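Colleague: predicted model and sequence below, questions to follow.
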Amino acid sequence: MRYLLFLPLLAAVMLGTVACKGDTTVNVPAQGNNALGDGITVSGSGEVNAPPDILTLSIGIEAEGRTVALARTEAAAAANRLIDSLKANGVAEKDIQTTSVNIYPQYFYSPNEPPRITAYTASNTLSVKVRDIDRAGKVIDDGVDAAGDTARLQGIAFGVDDPAPLLKQAREKAVADARSRAEAYAAAAGVNVGDVLSIAETNQSYVPVIHYAADDIAGSEKSTPIEPGETTVSVNVNVRFAIKR
């Protein structure tokens with residue numbers, strides 16, 4: 001009699017094994033119970049564009065000399081003139097940061113002879129935050145003029161000083177986008193979207209607009225035009241919703 005009771009149980013186990021074989025997973029929650037596998041998982045994205053309110057400028061000097069002392073002295077003098085110009089145009093001392101200082105030799109290569117040092121190059125690069133974008137063109141022009149032929153303008157990046165409010169808006173848009181997608185799937189399946197079970201932020205990006213300077217800007221007689229454009233903040237999320245029947 002015990003063998004007869006065991007056979008239906010064995011058949012049920014075998015049937016369950018066949019149903020789950022392959023790449024498809026079937027989750028059947030208990031009646032009236034919202035099991036962990038019972039839900040809709042979707043991705044959502046949100047993006048916010050805003051005009052930038054700061055400009056970060058990478059600018060510096062590069063000077064050559066027959067000796068290390070001559071190169072360093074000329075570079076130091078040009079760097080001090082550049083910094084004085086930046087401050088005179090309203091750039092705060094806290095917004096001027098040295099990012100690199102280098103001194104290296106210049107070599108002359110001749111066939112069948114060892115390399116020979118002919119000069120030394122000294123460089124000094126600054127990261128400068130300009131908070132008054134309307135004055136950015138003048139800040140650049142005056143700084144380049146102050147440094148003279150040693151000036152090196154490596155690029156500028158527009159950004160937002162405090163991106164937190166923009167990130168908040170982007171997150172709200174991302175979650176709303178995810179809910180909209182979940183509702184579309186739920187309607188197609190003949191069910192309703194329930195509570196949020198989980199939210200995972202998969203990516204966020206703060207993309208400043210970057211412009212690179214021409215190599216011959218130091219010799220230009222025209223005023224440097226500055227067009228800030230817009231800065232983009234984006235967020236991607238994965239959201240899991242319960243299914244409401």
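Modeller: On my side now, so go ahead.

Colleague: CA only for contacts and neighbour counts going forward, please
Modeller: Will do.

Colleague: what packs against the helix or strand containing S180?
Modeller: For S180, the host element (DSSP states H and E) is helix 164-189. Helices and strands touching helix 164-189, by 3 or more C-alpha pairs under 8 Å, 6 or more residues apart in numbering; DSSP states H and E, are strand 39-50, strand 192-207, strand 231-244.

Colleague: wait, which of those is closest to Y104?
Modeller: strand 192-207 (34.1 Å; C-alpha to C-alpha).

Colleague: for the closest one, output the C-alpha coordinates as CSV.
Modeller: Extracted in CSV, the C-alpha atoms of strand 192-207 (Å, rounded to 0.1, in the frame of the first residue of the first chain):
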residue,chain,number,x,y,z
ASN,A,192,-1.4,44.9,-12.4
VAL,A,193,1.8,46.5,-11.0
GLY,A,194,2.1,46.1,-7.2
ASP,A,195,4.6,47.5,-4.7
VAL,A,196,8.2,48.2,-5.4
LEU,A,197,10.3,45.2,-4.2
SER,A,198,13.8,46.6,-4.9
ILE,A,199,15.6,49.4,-6.6
ALA,A,200,19.2,49.3,-7.8
GLU,A,201,21.0,52.3,-9.3
THR,A,202,23.2,50.8,-12.0
ASN,A,203,24.8,53.9,-13.4
GLN,A,204,24.9,57.6,-13.0
SER,A,205,26.9,60.1,-15.1
TYR,A,206,27.6,63.7,-14.9
VAL,A,207,28.9,64.8,-18.3
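
Colleague: ok, it: who's next to it in the sheet?
Modeller: strand 231-244 (antiparallel) (DSSP bridges).

Colleague: angle of the partner strand against strand 39-50?
Modeller: Between the axes of strand 231-244 and strand 39-50, defined by axes from the mean of the first three to the mean of the last three C-alpha atoms, to 10 degrees, the angle is 160 degrees.

Colleague: ok, back up a step: TSV please, covering the helices and strands packed on helix 164-189 and showing mean neighbour count and distance to A184.
Modeller: Shown next, in TSV, are the helices and strands packed on helix 164-189 (neighbours: other C-alpha atoms under 10 Å; distance: least, C-alpha to C-alpha, whole Å):
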stretch	mean neighbour count	distance to A184
strand 39-50	19	11
strand 192-207	15	9
strand 231-244	21	12
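
Colleague: what's the least confident stretch among those strands?
Modeller: Of all these, mean pLDDT reaches its minimum on strand 192-207 (a mean of 87).
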